[in-house]
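In: quick one: sequence and predicted model below, then my questions.
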Amino acid sequence: MLPQKNALPEIPEGQSYSRLVNQFPIFYGWVILVIGAFGLIMTSPGQTYALAIFIEHFITDLGLSRSLVSGLYSAASLVAGFTLPFIGQQIDRRGSRLMMGLLAFLCGLACIFTGFAMNAVWLGLGFFALRIFGQGGLMLVSTNVINQWWVRKRGVAMGIAGLLMSLLAVGGYPNMLNWLIAQFGWRTTFFLQSGILFFLLLPLALLLLRNYPEDYGLQPDGLSAADSRPKTSAETETSAPTEESWTAAEAVRTPVFWIVGLGIAAMAMAVTGLFFHMVSIFEDNGLSQTVTAAAFVPIAITTAIVTLSSGILIDRWPANILLSAALLCQTASLVLAPYLRTVEIAFLYGVLLGATFGLSRTVGSVIWADYFGRRHLGSITGITTTIMVTGASLGPLPFGIGRDLLGSYNVVLLIAAVFPMTLAGVVLFARKPEKPILKTVVS
């Protein structure tokens, strides 16, 4: 008896078959990459580079001091950061597809809630929701799902995602917000952001996102792209990339985990402080808010170039070398910040920030999967993202207090430069760990 023309192939136990995934004309990981990149872009409502455009409006319209707004943001970021290990565990347990849809919906609600803010408490709760669901949760799930589909070409994949994020988010998003606020006001601008999350990211995640290539008989990097049928376990074992799988408990017991985490947290702290007070720093140097928004263009272009090139390099060079370079760029930007007297210097400052952002983005996206494997990646990156967000939460407050008490950011900027400069040397010793092998002694 002849098989039916459209009959499904034989599917091994534990695997699924999807016409969309298995018969897609190219490796479906490219679809995952595009959706993951869009997810990264839509973390913007909770990112400091976007919220910085609203800070002066919060201060003026709500009658709040700069120190209070900075404190609210720091406290909200800190509390939100400690929830991320739970989100990471849920990604491992429930999958990236469901979690991205849920986080997109919750981030949209957070935008609406913040758009109605009338006082300090309300604004603080809005900061908390935007940070946990946007900057934290969406960043976590978007990065993880790309890492699940790409292993040998992980650096290139994350470089492409970072390139898109740099151009469309870091470069375009603040300028888009600046224009929308001028046209419709800051409250309506928050509502418009929620519409993008509800009507674009949410349906894309639920309809097109998939959790693991192995679920459909495929392998990371498109190793099975030429053969769309589900593979047997024997075929899977022979073609799968070799990885060590560490649990979160095992990873946190390695010194390299904390050295790398501290380095990334240091950059998050400084970058968040600089972005959060960017308008004020530029105005103190005699530069307008228009110039501030324009400075995001060299930041974005540099971030895009550095992200893509470092994504290629990180597949060939040790990740800790690139992390050290990022910390040195961060040090240089902090030292230069008090001297933004001209547009040209401001753009140079933007280039340094872009290099820092690009390098740290690539390293932070790749290094945890590279060092500790994919199996427990959600739980591990839940912890590392908490470390990063904790560092980020500490950035705006000292900058704001220094500005209010001393009338200038200069002292805080120079003190803050010491930390990344020191860590730039320390992280050179943060090599990829080797998992201990338990030896059985036979008497």
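Out: Nice, thanks for sending it over.
In: from now on I want contacts and neighbour counts done on CA atoms only, so please keep to that.
Out: OK.
In: from the chain's centroid, how far away is stretch 270-280?
Out: From the chain centre to the centre of stretch 270-280 is a distance of 17 Å (CA atoms, centre = their mean, to the nearest Å).
In: heads up, I number from 16, so please use that
Out: Renumbered: residue one is now 16, and that last one reads stretch 285-295.
In: what mean pLDDT does it have?
Out: Stretch 285-295 carries an average pLDDT of 84.
In: and stretch 439-451, by the same measure?
Out: Stretch 439-451 shows a mean pLDDT of 85.
In: got the buried residues for that stretch?
Out: Buried residues in stretch 439-451, counted by 16 or more other CA atoms under 10 Å: 439, 442, 443, 445, 446, 447.
In: in the protein, which helix or strand is least confident?
Out: The helix or strand of the chain with the lowest confidence, counting by mean pLDDT, DSSP states H and E, is helix 248-254 at a mean of 44.
In: check contacts around the closest residue to residue 433 other than its chain neighbours.
Out: Distance criterion CA to CA, 6 or more residues apart in numbering; nearest residue to residue 433, sequence neighbours excluded, is residue 346 at 7.4 Å. Counting by CA atoms under 8 Å, 6 or more residues apart in numbering, residue 346 touches 432, 433, 435, 436.
In: residue 48 now?
Out: Contacts of residue 48 (CA under 8 Å, 6+ apart): 161, 172, 176.
In: for it, pull up the helix or strand it's in.
Out: Here residue 48, judged by DSSP states H and E, is contained in helix 44-56.
In: list the buried residues of that helix.
Out: Using 16+ other CA under 10 Å as the test for burial, helix 44-56 gives 44-56.
In: so for it, what's the average pLDDT?
Out: For helix 44-56, mean pLDDT rounds to 96.
In: do stretch 150-169 as well
Out: Across stretch 150-169, pLDDT averages out at 92.
In: stretch 375-395 now?
Out: Throughout stretch 375-395, pLDDT has a mean value of 88.
In: for stretch 340-354, same thing?
Out: On average, stretch 340-354 scores 92.
In: put the alpha carbons of that stretch into CSV.
Out: Extracted C-alpha coordinates of stretch 340-354, given in CSV (Å, rounded to 0.1, in the frame of the first residue of the first chain):
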residue,chain,number,x,y,z
ALA,A,340,38.2,45.6,26.8
ALA,A,341,34.6,46.6,27.6
LEU,A,342,35.6,47.6,31.1
LEU,A,343,38.5,49.8,29.8
CYS,A,344,36.1,51.5,27.4
GLN,A,345,33.7,52.1,30.3
THR,A,346,36.5,53.7,32.4
ALA,A,347,37.4,56.0,29.5
SER,A,348,33.8,57.2,29.1
LEU,A,349,33.5,58.0,32.8
VAL,A,350,36.7,60.0,32.7
LEU,A,351,35.6,61.9,29.6
ALA,A,352,32.0,62.7,30.8
PRO,A,353,32.9,65.9,32.8
TYR,A,354,34.5,67.4,29.7
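In: hang on, the earlier thing: report the next helix or strand after the helix holding residue 48 in sequence order.
Out: As assigned by DSSP H and E, the chain's next helix or strand after helix 44-56 is helix 63-66.
In: what does that following helix contact?
Out: Residues from elsewhere that reach helix 63-66 (CA under 8 Å, 6+ apart): 59, 60, 185, 188, 189, 192, 287, 290, 291.
In: taking the residues you listed one by one, which sit in helices?
Out: 188, 189, 192, 287, 290, 291 (DSSP state H).
In: out of those, which one sits closest to residue 354?
Out: For the ones in helices among the contacts of helix 63-66, the closest approach to residue 354 (CA to CA) belongs to residue 290, at 16.2 Å.
In: ok, the closest one - contacts?
Out: Contacts for residue 290 (CA under 8 Å, 6+ apart) come out as 63, 64, 67.
In: for the stretch 216-365 of the chain, give me the ranges with low pLDDT.
Out: Residue ranges of the stretch 216-365 of the chain with pLDDT under 70: 239-258.
In: hmm, try it at 90
Out: Where the stretch 216-365 of the chain drops to pLDDT under 90, the residues are 227, 229-232, 237-260, 281-320, 322-323, 325-335, 352-362, 365.
In: which stretches of it form strands?
Out: Counting by DSSP state E, counting those that start in this stretch, the stretch 216-365 of the chain has no strands at all.
In: helices of that one, residue ranges please.
Out: Assigned by DSSP state H, counting those that start in this stretch, the stretch 216-365 of the chain shows helices spanning 217-223, 248-254, 263-266, 270-291, 293-299, 304-328, 334-351, 358-387.
In: what sits up against the first one?
Out: Read that as helix 217-223. So helix 217-223 is contacted by 46, 47, 50, 112, 113, 115, 116, 117, 119, 120 (CA under 8 Å, 6+ apart).
In: how about it: buried residues?
Out: Buried residues in helix 217-223, counted by 16+ other CA under 10 Å: 217, 219, 220, 221.
In: how about a markdown table for those residues, with distance to residue 405 added?
Out: Below are those laid out as a markdown table (distance: CA to CA, whole Å):
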| residue | distance to residue 405 |
| --- | --- |
| 217 | 27 |
| 219 | 30 |
| 220 | 28 |
| 221 | 30 |
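In: so which of these would you say is closest to residue 103?
Out: Distance to residue 103 across those (CA to CA) is lowest for residue 220, with 17.1 Å.
In: next, count neighbours for residue 109.
Out: Around residue 109 there are 12 other residues, counting by other CA atoms under 10 Å.
In: ok, residue 429 next?
Out: Counted with other CA under 10 Å, residue 429 comes out at 16.
In: burial count for the closest residue to it other than its chain neighbours?
Out: Excluding the flanking residues, the one nearest residue 429 by CA to CA, 6+ apart is residue 350, at 5.9 Å. The number of residues packed near residue 350 is 17, by other CA under 10 Å.
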